[in-house]
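# sequence and predicted model, in that order:
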Amino acid sequence: MDHCKDFSNGQLINFLTEKRFRPLRHAFFLTGFFFLLYGGDVFQEFPAPAAYYVLTIIYCTFIGMFYLNMYVLVPVFLFRTRYLLYILFLLLLVYTGIQILGYFHANYFDAHRLHELNRRKYSESYYAIIIICASLISVSTTVKLLQRWIMDKERITELKNLTYSMELNELKNQVSPHFLFNMLNNVKALIRTNPEMASIVIMKLSEFLRYQLYENNGEKTLLASEIDFLLNFLNLEKIRKDNLQIIFENPINQTLQNTTFIPLGLFTVFVENAIKYSVNTNEEATYIKIDLKVENNMLHFNCINSKSIDIPVFNNKKGGLGLANIKRRLELLYNNEHKLNITSSANEYTVNLIIPL
(Lines give C-alpha, C1' and ligand atoms only; values in the text may rest on other atoms or scores of the structure.)
Protein backbone atom coordinates (compact mmCIF):
# COMPACT_ATOMS: atom_id res chain seq x y z
CA MET A 1 0.00 0.00 0.00
CA ASP A 2 2.79 2.43 0.93
CA HIS A 3 4.64 1.47 -2.25
CA CYS A 4 1.61 2.36 -4.38
CA LYS A 5 1.27 5.66 -2.51
CA ASP A 6 4.94 6.53 -3.10
CA PHE A 7 4.57 5.61 -6.77
CA SER A 8 1.51 7.89 -7.12
CA ASN A 9 3.31 10.76 -5.38
CA GLY A 10 6.28 10.28 -7.68
CA GLN A 11 4.05 10.38 -10.73
CA LEU A 12 2.39 13.58 -9.51
CA ILE A 13 5.74 15.28 -8.92
CA ASN A 14 6.96 14.20 -12.35
CA PHE A 15 3.80 15.61 -13.93
CA LEU A 16 4.27 18.94 -12.16
CA THR A 17 7.99 19.34 -12.84
CA GLU A 18 9.15 17.54 -15.98
CA LYS A 19 9.34 19.52 -19.23
CA ARG A 20 7.80 16.75 -21.32
CA PHE A 21 4.52 17.24 -19.44
CA ARG A 22 4.46 21.03 -19.85
CA PRO A 23 1.87 21.18 -22.69
CA LEU A 24 -0.34 18.70 -20.84
CA ARG A 25 0.04 20.65 -17.58
CA HIS A 26 -1.04 23.90 -19.20
CA ALA A 27 -3.92 22.26 -21.04
CA PHE A 28 -5.09 20.63 -17.82
CA PHE A 29 -4.89 23.89 -15.86
CA LEU A 30 -6.49 26.09 -18.51
CA THR A 31 -9.33 23.65 -19.08
CA GLY A 32 -9.88 22.99 -15.39
CA PHE A 33 -9.92 26.68 -14.47
CA PHE A 34 -12.30 27.45 -17.32
CA PHE A 35 -14.79 24.85 -16.15
CA LEU A 36 -14.38 26.09 -12.58
CA LEU A 37 -15.51 29.56 -13.64
CA TYR A 38 -18.10 28.13 -16.01
CA GLY A 39 -19.69 26.24 -13.16
CA GLY A 40 -20.07 29.43 -11.13
CA ASP A 41 -23.05 31.78 -11.01
CA VAL A 42 -22.11 33.83 -14.10
CA PHE A 43 -24.99 32.44 -16.14
CA GLN A 44 -27.39 33.13 -13.26
CA GLU A 45 -26.45 36.81 -13.11
CA PHE A 46 -26.05 37.58 -16.84
CA PRO A 47 -28.01 36.68 -19.98
CA ALA A 48 -26.40 34.09 -22.27
CA PRO A 49 -24.62 36.41 -24.77
CA ALA A 50 -23.26 38.76 -22.10
CA ALA A 51 -22.35 35.87 -19.76
CA TYR A 52 -19.81 34.57 -22.24
CA TYR A 53 -18.17 37.99 -22.53
CA VAL A 54 -18.06 38.34 -18.75
CA LEU A 55 -16.64 34.83 -18.41
CA THR A 56 -13.97 35.55 -21.04
CA ILE A 57 -12.88 38.81 -19.38
CA ILE A 58 -12.65 37.24 -15.91
CA TYR A 59 -10.90 34.17 -17.31
CA CYS A 60 -8.29 36.15 -19.30
CA THR A 61 -7.57 38.50 -16.38
CA PHE A 62 -6.91 35.70 -13.92
CA ILE A 63 -4.92 33.66 -16.43
CA GLY A 64 -2.78 36.71 -17.22
CA MET A 65 -2.05 37.20 -13.52
CA PHE A 66 -1.23 33.52 -13.12
CA TYR A 67 1.32 33.41 -15.95
CA LEU A 68 2.85 36.82 -15.22
CA ASN A 69 3.65 35.63 -11.72
CA MET A 70 4.88 32.21 -12.85
CA TYR A 71 7.11 33.26 -15.75
CA VAL A 72 8.08 36.84 -14.90
CA LEU A 73 7.89 37.72 -11.22
CA VAL A 74 9.05 34.42 -9.73
CA PRO A 75 12.07 33.84 -12.06
CA VAL A 76 13.15 37.49 -12.24
CA PHE A 77 12.69 38.50 -8.62
CA LEU A 78 11.99 35.58 -6.27
CA PHE A 79 14.63 33.20 -7.68
CA ARG A 80 17.20 35.99 -7.66
CA THR A 81 16.51 36.70 -3.97
CA ARG A 82 14.97 40.10 -4.70
CA TYR A 83 12.23 39.42 -2.20
CA LEU A 84 11.15 43.01 -1.54
CA LEU A 85 10.80 43.76 -5.25
CA TYR A 86 8.91 40.51 -5.72
CA ILE A 87 6.39 41.43 -3.02
CA LEU A 88 5.99 44.96 -4.41
CA PHE A 89 5.43 43.79 -7.99
CA LEU A 90 3.16 40.99 -6.80
CA LEU A 91 0.97 43.49 -4.94
CA LEU A 92 1.03 45.70 -8.04
CA LEU A 93 -0.06 42.74 -10.17
CA VAL A 94 -2.96 41.93 -7.83
CA TYR A 95 -3.95 45.60 -7.68
CA THR A 96 -3.86 45.88 -11.48
CA GLY A 97 -5.94 42.73 -11.91
CA ILE A 98 -8.56 43.96 -9.44
CA GLN A 99 -8.64 47.37 -11.14
CA ILE A 100 -9.18 45.75 -14.55
CA LEU A 101 -12.06 43.68 -13.22
CA GLY A 102 -13.40 46.72 -11.36
CA TYR A 103 -13.36 48.76 -14.58
CA PHE A 104 -15.32 46.14 -16.52
CA HIS A 105 -17.57 45.65 -13.52
CA ALA A 106 -18.52 49.31 -13.47
CA ASN A 107 -18.70 49.87 -17.24
CA TYR A 108 -20.02 46.58 -18.58
CA PHE A 109 -21.01 43.99 -16.00
CA ASP A 110 -23.51 46.14 -14.08
CA ALA A 111 -25.25 47.25 -17.30
CA HIS A 112 -26.02 43.66 -18.30
CA ARG A 113 -26.87 42.08 -14.95
CA LEU A 114 -30.21 40.38 -14.62
CA HIS A 115 -30.42 41.48 -10.99
CA GLU A 116 -28.86 44.52 -9.36
CA LEU A 117 -26.19 43.75 -6.76
CA ASN A 118 -26.86 44.73 -3.18
CA ARG A 119 -24.10 45.62 -0.74
CA ARG A 120 -23.77 42.06 0.60
CA LYS A 121 -23.54 40.54 -2.87
CA TYR A 122 -21.01 43.15 -3.92
CA SER A 123 -18.81 42.37 -0.91
CA GLU A 124 -19.06 38.64 -1.58
CA SER A 125 -18.04 39.20 -5.21
CA TYR A 126 -15.09 41.34 -4.13
CA TYR A 127 -13.86 38.77 -1.59
CA ALA A 128 -14.27 36.00 -4.16
CA ILE A 129 -11.92 37.88 -6.50
CA ILE A 130 -9.35 38.25 -3.69
CA ILE A 131 -9.55 34.53 -2.86
CA ILE A 132 -9.15 33.51 -6.50
CA CYS A 133 -6.16 35.86 -6.92
CA ALA A 134 -4.48 34.50 -3.80
CA SER A 135 -5.15 30.91 -4.87
CA LEU A 136 -3.78 31.38 -8.37
CA ILE A 137 -0.67 33.19 -7.14
CA SER A 138 -0.05 30.50 -4.51
CA VAL A 139 -0.41 27.70 -7.06
CA SER A 140 1.83 29.35 -9.65
CA THR A 141 4.51 30.19 -7.07
CA THR A 142 4.38 26.72 -5.52
CA VAL A 143 4.72 24.99 -8.88
CA LYS A 144 7.73 27.11 -9.85
CA LEU A 145 9.37 26.59 -6.45
CA LEU A 146 8.77 22.84 -6.72
CA GLN A 147 10.29 22.77 -10.20
CA ARG A 148 13.27 24.78 -9.01
CA TRP A 149 13.73 22.50 -5.99
CA ILE A 150 13.64 19.37 -8.18
CA MET A 151 16.16 20.88 -10.62
CA ASP A 152 18.50 21.92 -7.80
CA LYS A 153 18.20 18.50 -6.21
CA GLU A 154 19.08 16.81 -9.52
CA ARG A 155 22.07 19.14 -9.98
CA ILE A 156 23.33 18.43 -6.48
CA THR A 157 22.93 14.68 -7.01
CA GLU A 158 24.71 14.87 -10.35
CA LEU A 159 27.51 16.94 -8.81
CA LYS A 160 27.90 14.46 -5.95
CA ASN A 161 28.04 11.55 -8.39
CA LEU A 162 30.60 13.38 -10.54
CA THR A 163 32.72 14.23 -7.50
CA TYR A 164 32.43 10.67 -6.24
CA SER A 165 33.45 9.27 -9.63
CA MET A 166 36.41 11.64 -9.96
CA GLU A 167 37.65 10.95 -6.43
CA LEU A 168 37.22 7.20 -6.85
CA ASN A 169 39.11 7.20 -10.15
CA GLU A 170 41.88 9.29 -8.64
CA LEU A 171 42.26 6.91 -5.72
CA LYS A 172 42.16 3.86 -7.97
CA ASN A 173 44.76 5.33 -10.33
CA GLN A 174 47.10 5.99 -7.42
CA VAL A 175 47.18 2.29 -6.55
CA SER A 176 48.74 1.21 -9.84
CA PRO A 177 51.84 3.46 -9.56
CA HIS A 178 52.18 2.38 -5.94
CA PHE A 179 52.10 -1.29 -6.94
CA LEU A 180 54.47 -0.70 -9.88
CA PHE A 181 56.92 1.15 -7.65
CA ASN A 182 57.12 -1.80 -5.25
CA MET A 183 57.55 -4.31 -8.07
CA LEU A 184 60.33 -2.34 -9.74
CA ASN A 185 62.18 -2.23 -6.44
CA ASN A 186 61.86 -6.00 -6.24
CA VAL A 187 63.23 -6.41 -9.77
CA LYS A 188 66.11 -4.07 -8.99
CA ALA A 189 67.12 -6.18 -6.00
CA LEU A 190 66.75 -9.43 -7.97
CA ILE A 191 68.89 -8.27 -10.90
CA ARG A 192 71.93 -8.15 -8.61
CA THR A 193 71.46 -11.65 -7.22
CA ASN A 194 69.73 -13.62 -9.98
CA PRO A 195 69.52 -11.92 -13.42
CA GLU A 196 67.78 -14.93 -15.00
CA MET A 197 65.09 -14.89 -12.36
CA ALA A 198 64.78 -11.13 -12.79
CA SER A 199 63.98 -11.70 -16.46
CA ILE A 200 61.13 -14.06 -15.50
CA VAL A 201 59.83 -11.50 -13.04
CA ILE A 202 59.85 -8.81 -15.70
CA MET A 203 57.82 -11.07 -18.01
CA LYS A 204 55.33 -11.67 -15.23
CA LEU A 205 55.22 -7.97 -14.53
CA SER A 206 54.37 -7.29 -18.17
CA GLU A 207 51.40 -9.64 -17.79
CA PHE A 208 50.25 -7.62 -14.79
CA LEU A 209 50.48 -4.36 -16.71
CA ARG A 210 48.65 -5.87 -19.67
CA TYR A 211 45.88 -6.98 -17.32
CA GLN A 212 45.52 -3.56 -15.72
CA LEU A 213 45.91 -1.47 -18.86
CA TYR A 214 43.98 -3.45 -21.44
CA GLU A 215 41.87 -6.14 -19.83
CA ASN A 216 40.52 -4.27 -16.85
CA ASN A 217 39.65 -0.68 -17.65
CA GLY A 218 36.23 -0.81 -15.99
CA GLU A 219 35.23 0.00 -12.46
CA LYS A 220 34.76 -3.67 -11.58
CA THR A 221 36.36 -6.98 -12.42
CA LEU A 222 35.43 -10.62 -12.07
CA LEU A 223 36.29 -12.17 -8.73
CA ALA A 224 38.07 -14.94 -10.63
CA SER A 225 40.27 -12.40 -12.44
CA GLU A 226 41.16 -10.65 -9.21
CA ILE A 227 42.07 -13.97 -7.59
CA ASP A 228 44.30 -14.90 -10.55
CA PHE A 229 45.93 -11.49 -10.30
CA LEU A 230 46.71 -11.98 -6.61
CA LEU A 231 48.03 -15.50 -7.18
CA ASN A 232 50.36 -14.29 -9.92
CA PHE A 233 51.53 -11.48 -7.69
CA LEU A 234 52.25 -13.88 -4.82
CA ASN A 235 53.98 -16.35 -7.12
CA LEU A 236 56.29 -13.57 -8.26
CA GLU A 237 57.28 -12.97 -4.68
CA LYS A 238 57.68 -16.69 -4.12
CA ILE A 239 60.16 -16.77 -7.00
CA ARG A 240 62.11 -13.92 -5.46
CA LYS A 241 62.02 -15.23 -1.87
CA ASP A 242 62.85 -18.89 -1.32
CA ASN A 243 61.96 -18.75 2.37
CA LEU A 244 58.46 -17.32 1.78
CA GLN A 245 55.56 -19.72 2.34
CA ILE A 246 52.28 -18.83 0.67
CA ILE A 247 48.97 -20.38 1.73
CA PHE A 248 45.98 -19.38 -0.36
CA GLU A 249 42.64 -20.84 0.70
CA ASN A 250 39.79 -20.34 -1.75
CA PRO A 251 36.75 -22.58 -1.25
CA ILE A 252 34.53 -20.37 -3.44
CA ASN A 253 33.12 -22.42 -6.31
CA GLN A 254 34.25 -21.52 -9.81
CA THR A 255 30.76 -20.62 -11.03
CA LEU A 256 30.40 -17.94 -8.36
CA GLN A 257 33.91 -16.63 -9.09
CA ASN A 258 33.05 -16.24 -12.78
CA THR A 259 29.75 -14.45 -12.14
CA THR A 260 30.67 -12.16 -9.25
CA PHE A 261 32.06 -8.69 -9.87
CA ILE A 262 34.03 -6.70 -7.32
CA PRO A 263 35.79 -3.30 -7.50
CA LEU A 264 39.18 -3.47 -9.16
CA GLY A 265 42.26 -3.86 -6.94
CA LEU A 266 40.58 -3.98 -3.53
CA PHE A 267 42.97 -6.61 -2.14
CA THR A 268 46.19 -5.60 -3.88
CA VAL A 269 47.33 -3.09 -1.26
CA PHE A 270 46.80 -5.53 1.60
CA VAL A 271 48.81 -8.21 -0.21
CA GLU A 272 51.55 -5.67 -0.97
CA ASN A 273 51.79 -4.77 2.71
CA ALA A 274 51.81 -8.45 3.67
CA ILE A 275 54.77 -9.03 1.35
CA LYS A 276 56.54 -5.90 2.53
CA TYR A 277 56.35 -6.69 6.25
CA SER A 278 56.81 -10.47 6.06
CA VAL A 279 60.55 -9.96 5.56
CA ASN A 280 62.73 -11.50 8.23
CA THR A 281 66.17 -10.00 8.76
CA ASN A 282 67.47 -13.31 10.10
CA GLU A 283 66.53 -15.12 6.86
CA GLU A 284 64.06 -17.26 8.76
CA ALA A 285 60.97 -18.68 7.07
CA THR A 286 58.12 -16.23 6.62
CA TYR A 287 54.55 -16.78 5.54
CA ILE A 288 51.50 -15.17 4.04
CA LYS A 289 48.10 -16.78 4.59
CA ILE A 290 45.13 -15.61 2.55
CA ASP A 291 41.63 -16.93 2.98
CA LEU A 292 38.68 -16.02 0.75
CA LYS A 293 35.13 -17.16 1.36
CA VAL A 294 31.53 -16.12 0.79
CA GLU A 295 28.97 -16.23 3.58
CA ASN A 296 25.47 -14.73 3.52
CA ASN A 297 26.22 -12.85 0.32
CA MET A 298 29.26 -11.23 1.96
CA LEU A 299 32.81 -11.71 0.69
CA HIS A 300 35.36 -12.33 3.47
CA PHE A 301 39.02 -11.56 2.79
CA ASN A 302 41.49 -12.52 5.49
CA CYS A 303 45.22 -11.91 5.11
CA ILE A 304 47.76 -12.88 7.78
CA ASN A 305 51.49 -12.38 7.40
CA SER A 306 54.42 -13.03 9.64
CA LYS A 307 56.49 -10.07 10.67
CA SER A 308 59.85 -9.48 12.20
CA ILE A 309 60.22 -7.53 15.41
CA ASP A 310 63.17 -5.81 13.76
CA ILE A 311 60.92 -4.22 11.12
CA PRO A 312 58.27 -1.96 12.68
CA VAL A 313 54.88 -1.88 10.98
CA PHE A 314 53.73 1.62 10.11
CA ASN A 315 51.33 3.39 12.41
CA ASN A 316 47.75 2.83 11.25
CA LYS A 317 46.81 6.44 11.98
CA LYS A 318 49.36 7.67 9.51
CA GLY A 319 49.55 4.67 7.22
CA GLY A 320 51.01 4.39 3.79
CA LEU A 321 49.63 5.93 0.63
CA GLY A 322 48.18 2.67 -0.64
CA LEU A 323 46.41 1.78 2.61
CA ALA A 324 45.00 5.28 3.04
CA ASN A 325 43.67 5.19 -0.51
CA ILE A 326 42.03 1.79 -0.14
CA LYS A 327 40.32 2.87 3.07
CA ARG A 328 38.90 5.90 1.31
CA ARG A 329 37.82 3.78 -1.66
CA LEU A 330 35.99 1.41 0.65
CA GLU A 331 34.15 4.33 2.24
CA LEU A 332 33.11 5.66 -1.15
CA LEU A 333 32.14 2.28 -2.56
CA TYR A 334 30.23 0.77 0.34
CA ASN A 335 29.20 3.72 2.52
CA ASN A 336 29.98 1.95 5.81
CA GLU A 337 28.37 -1.32 4.68
CA HIS A 338 31.80 -2.97 4.82
CA LYS A 339 33.97 -4.01 7.74
CA LEU A 340 37.74 -3.53 7.84
CA ASN A 341 39.73 -4.70 10.83
CA ILE A 342 43.52 -4.42 10.90
CA THR A 343 45.43 -5.80 13.89
CA SER A 344 49.08 -6.25 14.70
CA SER A 345 50.61 -8.60 17.25
CA ALA A 346 54.20 -9.41 18.12
CA ASN A 347 54.65 -11.88 15.26
CA GLU A 348 51.69 -11.36 12.91
CA TYR A 349 49.90 -8.69 10.99
CA THR A 350 46.22 -9.42 10.18
CA VAL A 351 43.76 -7.80 7.78
CA ASN A 352 40.12 -8.85 7.83
CA LEU A 353 37.86 -7.27 5.20
CA ILE A 354 34.17 -8.03 4.66
CA ILE A 355 32.31 -6.50 1.71
CA PRO A 356 28.79 -7.03 0.36
CA LEU A 357 28.40 -8.72 -3.02
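Everything's here; your move. Please read these numbers as outputs of a predicted model, since none were measured by experiment. Residues are numbered from 1 along each chain as shown.
# hey, where'd the strands end up in the stretch 101-250 of the chain?
Here the stretch 101-250 of the chain has its strands, by DSSP state E, counting those that start in this stretch, at 220-222, 244-249.
# got CSV for these, with mean neighbour count, mean pLDDT and distance to residue 262 too?
Glycine gets a C-beta too; all of them are placed from N, C-alpha and C. Listed next are the strands of the stretch 101-250 of the chain as CSV, based on neighbours: other C-beta atoms under 10 Å; pLDDT from 0 to 100; distance: least, C-beta to C-beta, whole Å:
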stretch, mean neighbour count, mean pLDDT, distance to residue 262
strand 220-222, 17, 82, 6
strand 244-249, 14, 88, 17
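# to residue 12, which of those strands lies closest?
Nearest of those to residue 12, taken as C-beta to C-beta: strand 220-222 at 36.5 Å.
# direction included, what does that closest one pair up with?
Neighbouring strands of strand 220-222 in its sheet, by DSSP bridges, are strand 261-263 (antiparallel).
# can you list the buried residues in the partner strand?
By 16 or more other C-beta atoms under 10 Å, the buried positions in strand 261-263 come out as 262, 263.
# can you check stretch 298-305 too?
299, 300, 301, 302, 303, 304, 305.
# contacts only, for the first one.
What that stands for is residue 299. 223, 260, 262, 292, 293, 354, 355, 356, 357 (C-beta atoms under 8 Å, 6 or more residues apart in numbering).
# are any of the residues you listed buried, and which?
Among the contacts of residue 299, those classed as buried by 16+ other C-beta under 10 Å are 223, 260, 262, 292, 354, 355.
# name the nearest of the residues you listed relative to residue 148.
residue 355 (39.0 Å).
# helix or strand: which one has the closest one?
Residue 355 belongs to strand 348-356 when assigned by DSSP states H and E.
# what pairs with that strand, and is each one parallel or antiparallel?
For strand 348-356, the paired strands and their directions (DSSP bridges) read strand 298-306 (antiparallel), strand 339-344 (antiparallel).
# mind putting these into JSON lines with mean pLDDT and distance to residue 250?
Listed next are the strands paired with strand 348-356 as JSON lines, based on pLDDT from 0 to 100; distance: least, C-beta to C-beta, whole Å:
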{"stretch": "strand 298-306", "mean pLDDT": "92", "distance to residue 250": "11"}
{"stretch": "strand 339-344", "mean pLDDT": "89", "distance to residue 250": "20"}
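# could you dump those to CSV with distance to residue 79?
Listed next are those as CSV, based on distance: least, C-beta to C-beta, whole Å:
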stretch, distance to residue 79
strand 298-306, 47
strand 339-344, 45
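# so the protein: which segments form each domain?
Using automatic domain parsing, the domain ranges for the chain come out as 2-157, 174-356.
# mean neighbour count, these: which tops it?
Of all the domains of the chain, domain 174-356 has the most neighbours on average by mean count of other C-beta atoms under 10 Å, namely a mean of 15.
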